[in-house]
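J.: Give me the fold of what follows.
(3 chains)
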Amino acid sequence: MGRPVAIIGSGQTKHGRRFDVTYPELVKEAVDRVFDSTGISPEDIDGVVSGTMPSMMEGVALTHFYFADVLRSVGKPILKTETCGSTGVSLAITGYYWIASGMADLVLVVGSEKMNEGDSQATMTTVVEPFYQRYFISGAPGIFSMQSQQWSVHYGIPEERVRAAATKLSIDHHNDAFDNPYAHIKKKLTEEEVNNARIITYPVRLWDVCPNSDGACAVIFASEKMAKKISKNPAWVKGVGYSGEEYWFGDSDKVVWQCAIDAAKQAYDMAGIKDPRKELDVAEVYNPFTFQELLYYECFGFCDFGKACDETLKGTFAKGGELPCDPSGGTLCTNPIGATGLNRVAEAALQVTNQAGDHQIPGAKLALAHAMGGVDQYNGIMILGSKL
Amino acid sequence: MATRVGIVDIAMTPGAESKDNFLDQVYKVTKEVLDKAGIKRADVGTVISAASDVFHGGMSCANSYYWDAGGAFLKNGSRQDGESLFAFIYAVMRILSGSFDTALVLGVCKGSENPENDMLTHFFTDPFYQRQVGLNETVAAALQMREYMDKYGITGEQCAKVVVKNLGNALRNPYAHIKKRVDVDDVLNSETVLYPLKQMECAPKSEGIVAILLAKEDVAKRLTNKPVWFKGYGSSMDAFYLGDRDLLDGQLKQAAKRAYDMAGVSNPKKEIDVAEVCEPYAFQELLWYEDLGFCAPGEGGKLIDSAATNMDGNIPVNPSGGVLATNPYVSRGLYRLAEAFLQVQGKAGERQIDKKVNTALAHGTHGFAGQCHAVAIIGN
Amino acid sequence: MTKEYNTLKNVIELPHKYAAGPAWTRFYDGLKQEKIYGSRCQKCKKVFVPARSYCPACQVSADEWIEVSQEGKVISWALSISHEFFGMPVSPPFITALIRLDDTDCDFLHFIGGIDLSDAKKVKDLIKPGLKVRAVWNEEKKGHMMDIRHFVPVSG
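T.: Numbers count the residues shown, from 1 in each chain, chains lettered A, B, ... in the order given. As a prediction, this is how the structure comes out:
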């Protein structure tokens, strides 16, 4: 394997409807924050990795040009990583390989999105080609509704039970978000409110769905030498994994979801994890939809296939449970797409370095961060630990 | 570095606009490079592609559509946006990290499905200022050209000579899009797009899907008896607003220095045997000569006058015909690299330069007046 | 006979609304009053125009607002005689130019007009680097870069 790599700091913006700032100003907020918190000077950075969502969502193409100044990248090498919704984790993985290769010691990684400036669901339809599938795909909720229906039918789980588990996740996460100063949607919800909320695409209802958020996240990756020099408390990259499947939505099984299983396996193998439920202390699972989070518990080996509802309702994945998931409130409460996966990585790093404040999972030493992209096409994972 | 990274083989589409389906083209090129290298898809470690949504025929999340056509089904992969040499270096990093033995690098841009380049580059602008005054890549280039001519006395004839040379070279390149035997007068008499820039001095909009297979040292030696080695790389970014920059003192010098330092090149004029540079506008090739250290500042015009960059000169530049002949926007950096690879291998056919090629340079640029540059050095 | 393959035409329109934030909002308000605002970096003291919320190089606040001169020198220019460009707010003929407004530290991108543009050679004889130009305003103001119609050469 390559050289050890650590995360030595992160900066997140306040997320939400950020019409108070321009897009570069929003990115600057995250970048300034990571430099302030680490005390590193931008001159010391060897390279910059930038990423956002598609041009059509942003209305500006090749945003690394637009952000060149605020990324502090002028006169520096740059990479521009983009893999749809999984961009954030792909950005982190790029930072990892850049340093693991020996070609850099300090890399600034920045993901961002200004969802509210464009039309995100209209953009989603352009992910789908114009020959065939574009006519049938009603944005992201349509896809996830189909996936969750397939899942419950596959395991014969009664609809009410799936609803109950999804409702618990919705209530818990919207409540968890109160403890996260950067979260967008924070709300005390009742079962009744969630169960009777407006249907987006059946069975997905309003409180099952993530918001459109504006926000940015900046993370600094470091080689072992630099991490030990600069930081008393680095988060070490223990494993990375990424897998993508075929473009056509109907071609593969999204229930026993191979690219999710493979991405996790790659990361676990690298980190030496045999029993993720026991060994992981916390997971930041990409959960733009409550139903999809259930499916990930199974694909990532947090529980047996078909058992995610039972375990969720038992509280296994809630705060105080055996493997708390998304104590930050997760993507369900905050979704600036190009930054979302990097937020998961930043949150996992905060957890293993005991810096997560009010949403700290006590004693967390090993954490998983995850993001998904495309029309249910990609999954990427990074595992962070408190020890080298 | 623990291991060396070798280029095993390449495949690419011709630049001419094609009515072949995009996915079929990606599939064919990917299959071709794997077949040439004698490796099965299952044995490919990682796939890194380059594509930009804005140059992707009206589709978002460019990497989604061609993921499996490009051999990446259930593989660990990623995508770089804007500059395809980014995908090359990211693949090199993945091999150097020890995580992968082989990497497939793809550059994907189907020009025939896109609107005009300038319509797309117009969206590089911020919506508040530069977009409102109509900036695009050609406008930026014309402003840069004016400054270059005014400052150093570069002549229209010298700029036109780049077109004569490159389109002439393209006549021997079966992959080139525009092939024309032209003289300086033809260029100077072509339509004025934006004075002083002539139509023939602006690159076309081309098809360009390219695949390059990389492998770590021992695997590369097993797969080919003529591996071409990665020697060095550098990139650098300039400030965003055109008016904040010195258009004649850009970031290519910095990118080249990083690449030369890594490759141990101290005298590029002597040590670089052939260069494939990215010149979407003819005069830029002259300016890039200077920034790459092939001549002194302001002497780009004299260098082309001396014929040193011709096929039979001391430092041939763009024996493929360059970007003026074939311009698949995002893929063009990898096209330069693919051509440099063929030159080092001695397999460039009729466009092979006469002298022995030990070290070759590939350059990519994207953005207004060269906002971002990338340079790769490879050798035998 | 080989079959000619079809193509599928597809036009995509997506609506965007960009957050202007305080700096652009104030700059556009200035344009409506025929004022061009720049701002000075608190660290390097350079004056940027259009005014910025932050210095591009120092990345510190550049919130000292200054009404800058409406005159400056031509740094570079390019003339379109007949070629149309997508997104261009004016039709040919036009001159795009980089102009260094007096006492500022970056170039301002806009148009030069008010002269005969039909002959490139004549234009070249007139417009040399360093030529002095001044802003001419449109009657109607929209809070847009094109509230300035163009810059014209200053005689003498």
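J.: mind listing the strands for the chain?
T.: Defaulting to chain A. A:5-12, A:47-51, A:78-80, A:106-114, A:199-201, A:204-205, A:214-223, A:235-244, A:282-284, A:366-373, A:378-385 (DSSP state E).
J.: was after chain C, sorry
T.: Using DSSP E, strands in chain C cover C:37-40, C:47-48, C:64-67, C:71-80, C:94-101, C:108-112, C:132-137, C:148-153.
J.: Go through these and name the closest to chain B.
T.: Closest to chain B of those, according to CB to the nearest CB: strand C:71-80, at 3.3 Å. (Glycine included, C-beta is placed from N, CA and C.)
J.: Most tightly packed of the strands of chain C?
T.: For those, average neighbour numbers computed from mean count of other CB atoms under 10 Å in any protein chain shown are highest in strand C:108-112, which has a mean of 25.
J.: and that one, does that touch chain A?
T.: No - applying CB under 8 Å from any CB of the partner chain, one finds strand C:108-112 separated from chain A by no less than 14.9 Å.
J.: Any idea which helix or strand in chain C has the lowest mean pLDDT?
T.: helix C:120-126 (a mean of 93; mean pLDDT, DSSP states H and E).
J.: Same check on chain B?
T.: Least confident element among the helices and strands of chain B, by mean pLDDT, DSSP H and E: helix B:62-66 (a mean of 92).
J.: can you map out the helices along the stretch 1-150 of chain A?
T.: With helices called from DSSP state H, counting those that start in this stretch, the stretch 1-150 of chain A shows them at A:23-38, A:55-58, A:63-66, A:87-100, A:120-125, A:139-155.
J.: Which among those helices is found nearest to B:Asp81?
T.: helix A:63-66 (7.5 Å; CB to CB).
J.: Pass me the low-pLDDT residue ranges in the stretch 51-200 of chain A, would you?
T.: A:138 (pLDDT under 70).
J.: Serialize the strands of chain A to TSV and add fields for mean neighbour count and distance to chain B.
T.: Formatted as TSV, the strands of chain A follow (neighbours: other CB atoms under 10 Å in any protein chain shown; distance: least, CB to the nearest CB, whole Å):
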stretch	mean neighbour count	distance to chain B
strand A:5-12	26	9
strand A:47-51	28	8
strand A:78-80	27	4
strand A:106-114	30	11
strand A:199-201	17	20
strand A:204-205	22	21
strand A:214-223	29	12
strand A:235-244	26	5
strand A:282-284	29	20
strand A:366-373	30	7
strand A:378-385	31	8
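J.: How about the contacts made by A:Tyr242?
T.: Taking CB atoms under 8 Å, 6 or more residues apart in numbering or on different chains, we find A:Tyr242 in contact with A:86, A:89-90, A:93, A:263, A:266, A:378-381, B:76-78.
J.: which of those lies closest to B:Tyr152?
T.: B:Ser78 (41.2 Å).
J.: and that closest one, helix, strand or coil?
T.: Counting by DSSP: H, G, I helix; E, B strand; the rest coil, the backbone at B:Ser78 sits in strand.
J.: Which residues of the stretch 51-200 of chain A lie near chain C?
T.: Neighbours of chain C within the stretch 51-200 of chain A, by CB under 8 Å from any CB: A:56, A:59, A:69-70, A:72, A:74, A:114, A:116-119, A:122-123, A:126, A:130-131.
J.: Report the closest residue of the stretch 151-300 of chain A relative to chain B.
T.: Nearest residue of the stretch 151-300 of chain A to chain B, counting by CB to the nearest CB: A:Glu246, 4.0 Å away.
J.: what's around the closest residue to A:Phe19 other than its chain neighbours, how many residues?
T.: Sequence neighbours aside, C:Ala19 is the residue nearest to A:Phe19 in space, at 4.4 Å (criterion: CB to CB, 6 or more residues apart in numbering or on different chains). Burial measure for C:Ala19: 21 neighbouring residues, criterion other CB atoms under 10 Å in any protein chain shown.
J.: biggest helix in chain C, by residue count?
T.: helix C:21-32 (DSSP state H).
J.: Distance from it to the middle of the chain?
T.: Put simply, helix C:21-32 sits 15 Å off its chain's centre (CA atoms, centre = their mean, to the nearest Å).
J.: quick one, what contacts residue 144?
T.: Picked chain A for this. A:Val204, A:Pro288, A:Phe289, A:Phe291, A:Gln292, A:Asp376.
J.: other chain: chain C
T.: So C:His144 contacts B:Gln132, C:Tyr28, C:Leu31 (CB under 8 Å, 6+ apart).
J.: Kindly state the pLDDT recorded for the second one?
T.: Okay, so that is C:Tyr28. For C:Tyr28, the model assigns a pLDDT of 97.
J.: isn't it right up against C:Gly143?
T.: Yes - C:Tyr28 lies in contact with C:Gly143 (CB atoms under 8 Å); the separation is 3.7 Å.
J.: Could you check which of these two has the larger neighbour count?
T.: C:Tyr28 (19 against 14).
J.: State the distance from B:Gln25 to C:Gly21.
T.: Here B:Gln25 is placed at a distance of 43 Å from C:Gly21 (CB to CB, to the nearest Å).
J.: and the two most separated of the contacts of A:Phe144?
T.: Between all members of those, the farthest pair (by CB to CB) comes out as A:Val204 and A:Asp376, at 14.0 Å.
J.: How about stretch B:199-207 and chain A, touching?
T.: No - Stretch B:199-207 lies apart from chain A when judged by CB under 8 Å from any CB; the minimum separation is 15.5 Å.
J.: Quick check: mean pLDDT of that stretch?
T.: 97.
J.: which residues are there in chain C that come within reach of chain A?
T.: Within chain C, the positions near chain A by CB under 8 Å from any CB are C:8, C:10, C:12, C:14-24, C:53-54, C:56-57, C:59.
J.: The spatially most central residue of chain B in helix, strand or coil?
T.: Centroid-nearest residue in chain B, with CA atoms, centre = their mean: B:Gly333, separated by 2.4 Å. Assigned by three-state DSSP, the conformation of B:Gly333 is helix.
J.: can you pull the pLDDT of the closest residue to it other than its chain neighbours?
T.: Excluding its sequence neighbours, the residue lying closest to B:Gly333 (CB to CB, 6+ apart) is B:Gly364, at 2.5 Å. pLDDT for B:Gly364: 98.
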